[in-house]
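Visitor: Test case, fold it:
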Amino acid sequence: KWTDGLEASKDDYRCSEGAAFMDWSSSSPEQRRETESVVEEDSLSQTTGHMTDLCGDEADNSPPLQLHTLKQFEQHLNDLKKENFSLKLRIYFLEERIQQKYEESSEDVYRTNIELKVEVESLKKELQEKQELLDKALTTAESLTNDNEAELQRRCQERQQEIDHMQQVLETKIQLLQEEAQLARGEAERMASLAGSHSHASLVSLDTTMEEIPEDERPPHILSPSNTSKDRLIEDLTKELRCKEALVSELCGEKKTLTLRVEELEEQVQELSSSLLQKDKDVEFYQEELGHERLRIEEEMQSLVEEQQSQLNQYECAAGQCVSELQKAQLQVQSLQAKIQESEANNMKLQEKLTEMERELRSLRQAAQSQERTIQGLTESIGTKDNEAQELYHLIEGQNNTLCKLQELAHRNQLTQAPAGMSESLTMAQLQSELVRVQSSLFSLGLELDASQRSLKQTQRQGDDLLRFKDRLNSDLQEALQHREVTEKQNQDLSSALQKTRSELQSKEAALKACEAEKLTGTAEKDKIIEQLKHFLQDKEQHLQEYSEMLESTKSSKPRDVLLEKLRERIKERDRALERSIDDKFSCLEERDGQVRRLQLALREKERDLERLRCILSNNEETITSLDALVRGKDLELEQAAEAYRNLQWLKQKGEEKERNALREKDAIVNQLQAALQTRSQEMQDLTAALVARVQAGPTEVVEELKARLALKEKLFQELLSDRSCQANEHQAQVQDLLNTLSSKDQYLQDSSYRLSLVISERTDQQQELHKQLTQAERELCELRRDKEKETGGEAEQLRKLLKEKEAFIKELIQVQGEAVQKENEAEMKALQEDMQLVLKKEMEAQKEISVLRQSLDEVVAKDGTDHQSVLEQLVSEYSKLNDALKTEKRLYQNLTHLHRSDGSLEKIQRLHTELDSVQALRGQLEEVLKRTRSMALSLERAAKGQAEFGELSSEEEGDNEDGSSEEFTDSIEEDDNKESSRGFNSVQASVSAQSSDGVAEASLLQNAEIKQLEGTKRTLEEIQTQLDDDGFDSLAEMRTALQRLQQENQALKEHQRQCEAFGLRTSMDDDLNEEEEEEEGDGGEWMLEEDDADPSSSSCPADPSSS
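Guide: Residues are numbered from 1 along each chain as shown. Now for the predicted structure:
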């Protein structure tokens, strides 16, 4: 009954726990936490109540209170079992709920996949229908174009037939006219021969008639004889007339007859001449008709050509539109490729997220398995502790019962005590020995039972651990095998994809080669056609020239026949050429039509590719959306699993804490029970001693009571053993149920993982297919780009030809302009030469002035040796600046002369302009230096105003200087230099004379040194002049020219040196060049340096060689 009630209470508790768990699962996490906190408080209150009860029971050693404490312990154990069971139920329901969510998500995925497949098939059907409609439209358009081409060909053939018929009619008419003309000519010749044989009169008459005939209609043998033949004929006729004067009378009759015949012949000749005129008129009329027909044919041909050109323009416009559409399609394809790349990146990110999710799921599974293992170990430890506690409870209950019974016996013995003898002592000893044996036997049996139970439990645990380890190994093996199968499938798919891509690449390469060969043949044919057309145009031009020459030629009959024959031949050739040109044009049109058709087909293929790519993009977007949905679902599931994991961890922690508390409480209870056992054993020993001492009467009754109690204890022990066996069976059943649930969970997890692996493999296959399609689309785009580049290559060649022609035309224009520019350059060079001559004249005048100034300086130094040092230093610095400016100006002039000697061009003119600008800048610098010298001279003059001797003169000179500088500085720089230098030196003289009394002792040494330097410079000048006289130079100009030649030779030698350095001859040439340069510079450079030190005006000439 007790077991049935316990099972019923367990069922009720399961139902209540299931309902509570459903409420708990449906409620929010805050409500869950509140309920769990309330449950914990209740459990804690219950445990505290149990502990207080135990403490009260220990305080009160009465037997009814001790029985109450055992019931409370049993209730507490039952509560712990219920809590453990409730935790297991919660875990089970959580796992079921997670399984349901996974199943729902997989069903949604399958449904979405089915719907997507249905949509894809419907879209494919629509695409097929649209493609069929497009094919029909294209076929109709092609049929219309073919009809138009057939009509054009038919019209052209009719016109050609008409032209051939007209040509045949004209040829027959021309042949008839030629035959009639030949017959008339034969008759005329025959009649002329008859008339010449009969008489001179007939000849005269014939001559008169032939003279009356126009020159164009005369026969060739009459027109042809010369004057000598006529003279001979006249002489012969006169002789015959002399011989036949006698026969005149005889021939009178004959003469009459002849005159009649001559009249008839004249009439016939007139008729023939009139017929010839009519025939000529007919020929002219037919020629006019031929010209009109020719013009009409040319107009028709021009109209046909214009129509063909308009068609070609239309085709070109269509081709341009096709090209623009192709470009748009390429842009769309590029945008689609970018979108596809983005989708691929998103897919990769999603795949990475999926892998991370799978890793997290695996880690969660491993954590859950470890938690389950720890929970199982804890449950097993709890079960062992529960068993040990129950055994201890039973032992304590038995001992309590025996203690109670012994206490009752002691009370009874105390109540019924009587004196006893030796017999009673013997009975008591026997009873004590029997009791000791019974107790020892009971303890030994209890220990054996405990040991056997523990060994059984240990064996059971080992068997369960082995089974679990075996299951884990099997699951790991299955997962490894599944992963290996998946990897093998992926490797096979990749190898098949590689083979397919290689085969496609080979086929596309072959197609590319074929297309290239076709395009090369097409370009060669087009080149041939272009060359034929060029030859045809040249022939036409030659024919036109010949026609013009023939029209300008004579209008005789024979040339007319030749012209007619030539016209016939040329008309035939022209007809043939027209037929050829028409055939060529039609072939070109057919080629253009073929190209347009190819472009249209390419457009169709590109549109199909675009639609295909759009479909792929839509599929990719749909897959991306589905993957996003899956990822979101997986994220939600992960979040839920993480929350469940957190809840499980929290529950685990709480359970562990509860178990730890329970274990601590149980340990405390066991310690208390052990203490109670020890106290009770001591009490038992005390009671036995008291009983042995007191019991003296009624030993049989005591033995019977003890036997009855032993029987009751044996019954109770058997009942406890049966209860234990029942509890062990129930615990085994619960453990088996938990194992079954765990195995079902493992199977579900394996199935879900397998499904996820299948879904991932499908997605990877789809992505690989998309990659393949993308690579195919990219290759097709590359092929189309190559085709377009090749097509544009021909256009580029034409453009290059046009550019070459334009470049030739531009070169001709440049040559024409170059001649004019050369004339302008010559005029400019003449102007520059004049400017150079003026500049050289001014320079010579400046040098003369500078020499005058130096002479005056020498005179001043000789007269007045007391000159101020600072003024001289300033003057020397200013003159050095002037020398530098003159040197630079001289170099510029020499460069100008060098450029003038070379051939003129635009670049050289620009260089001359730049050089002139620099010359103007240098002139400005010279003007600034002259202004400074002027200001210095004025300052010196102002300093010298204090003297009485030169006061009036200095004032007058200053006024003159100011007036002269304001008026004459704009005219010429050199005159200002002369005037102001002379005035400056006059002012220097004045200042020297003013300051002679003050600083003689201070500047005497410096002035002596300067005088020595000036004497050295004079000596060097004299030596230079002697060297010039010895060398044969009359002036500095000759010296300059010689130096310029040396400079040019040095430059040529330096260029030669550079060339020799390139060929490894540097070492041999450097020494020679250095020796030559040293000799040249030793001859001229040292002389020029000395001249620079002495005379800055003369040093400006040879500055170039040293600088070069």
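
Visitor: any idea of the mean pLDDT for stretch 491-502?
Guide: Averaged across stretch 491-502, pLDDT comes to 77.

Visitor: again with stretch 98-105
Guide: 64.

Visitor: before we move on, what about stretch 130-150?
Guide: For stretch 130-150, the mean confidence score works out to 71.

Visitor: repeat for stretch 74-92
Guide: pLDDT averaged over stretch 74-92 gives 80.

Visitor: same question, stretch 169-177
Guide: The average pLDDT for stretch 169-177 rounds to 69.

Visitor: Kindly report the same for stretch 584-597.
Guide: Mean predicted confidence for stretch 584-597 is 78.

Visitor: Tell me the buried residues in it?
Guide: Judged by neighbour count (16 or more other CB atoms under 10 Å), stretch 584-597 contains these buried residues: D584, K585, C588, L589, R592, D593, V596. Quick note: C-beta positions are derived from backbone N, CA and C, even for glycine.

Visitor: check contacts around the first one.
Guide: The neighbours of D584, taking CB atoms under 8 Å, 6 or more residues apart in numbering as the test, are I529, Q532, L533.

Visitor: Which ones among the buried residues of stretch 584-597 map onto helices?
Guide: Among the buried residues of stretch 584-597, the members falling in helices (DSSP state H) are D584, K585, C588, L589, R592, D593, V596.

Visitor: Can you give me the pLDDT of K606?
Guide: Reported pLDDT for K606: 76.

Visitor: let me fix that: Q768
Guide: For Q768, pLDDT reads 76.

Visitor: ditto for S870
Guide: 62.

Visitor: Same check on R911?
Guide: At R911, the pLDDT value in this model is 64.

Visitor: Make residue 1 into 656 and carry on from there
Guide: Sure, I'll start counting at 656 from here, so that last one is R1566.

Visitor: quick check: longest helix of this protein.
Guide: The chain, longest helix under DSSP H: helix 903-1070.

Visitor: which secondary structure elements does the helix or strand that that one is followed by contact?
Guide: Using DSSP states H and E, the helix or strand that follows helix 903-1070 in sequence is helix 1077-1207. Helices and strands touching helix 1077-1207, by 3 or more CB pairs under 8 Å, 6 or more residues apart in numbering; DSSP states H and E, are helix 903-1070, helix 1212-1349, helix 1354-1518.

Visitor: Now distance to K779 too, for the ones you listed, in JSON lines please.
Guide: Shown next, in JSON lines, are those (distance: least, CB to CB, whole Å):
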{"stretch": "helix 903-1070", "distance to K779": "19"}
{"stretch": "helix 1212-1349", "distance to K779": "8"}
{"stretch": "helix 1354-1518", "distance to K779": "15"}
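
Visitor: Looking at those helices, which is nearest to L782?
Guide: L782 sits nearest to helix 1212-1349 of all the helices and strands packed on helix 1077-1207, at 6.3 Å, using CB to CB.

Visitor: so the closest one versus helix 903-1070, what angle?
Guide: 0 degrees (axes from the mean of the first three to the mean of the last three CA atoms, to 10 degrees).

Visitor: By average pLDDT, which secondary structure element in the protein comes out worst?
Guide: helix 1758-1762 (a mean of 37; mean pLDDT, DSSP states H and E).

Visitor: closest to S1130 out of the helices and strands packed on helix 1077-1207?
Guide: S1130 lies closest to helix 1354-1518 among these, at 6.2 Å (CB to CB).

Visitor: Out of the helices and strands packed on helix 1077-1207, which is closest to E787?
Guide: Comparison of the helices and strands packed on helix 1077-1207 against E787 by CB to CB identifies helix 1212-1349 as nearest, at 12.4 Å.

Visitor: ok so, going back, quick check, nearest of the ones in helices among the buried residues of stretch 1239-1252 to A1023?
Guide: The closest of these, once distances to A1023 are taken by CB to CB, is V1251, at 70.3 Å.

Visitor: I figured that closest one hits A973, correct?
Guide: Yes - in this structure, V1251 is within contact of A973 by CB atoms under 8 Å, at 6.0 Å.

Visitor: overlap in contacts of these two?
Guide: Between them, V1251 and A973 share no contacting residue, judged by CB under 8 Å, 6+ apart.

Visitor: Nearest to G1288 among the contacts of D1239?
Guide: Distance to G1288 across the contacts of D1239 (CB to CB) is lowest for I1184, with 68.1 Å.

Visitor: With distance to Q964 and neighbour count added, can I get the contacts of D1239 in TSV?
Guide: Output for the contacts of D1239, formatted as TSV (distance: CB to CB, whole Å; neighbours: other CB atoms under 10 Å):
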residue	distance to Q964	neighbour count
I1184	16	15
Q1187	18	14
L1188	14	15
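
Visitor: name the helices or strands packed onto the longest helix of the chain?
Guide: helix 718-853, helix 855-867, helix 1077-1207, helix 1212-1349, helix 1354-1518.

Visitor: Just send those back as TSV, with distance to Q1703 too.
Guide: Below are the helices and strands packed on helix 903-1070 laid out as TSV (distance: least, CB to CB, whole Å):
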stretch	distance to Q1703
helix 718-853	76
helix 855-867	88
helix 1077-1207	54
helix 1212-1349	65
helix 1354-1518	18
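
Visitor: So for H1049, what's the pLDDT?
Guide: So, for H1049, pLDDT stands at 77.

Visitor: Count the neighbours of it for me.
Guide: 18 (other CB atoms under 10 Å).
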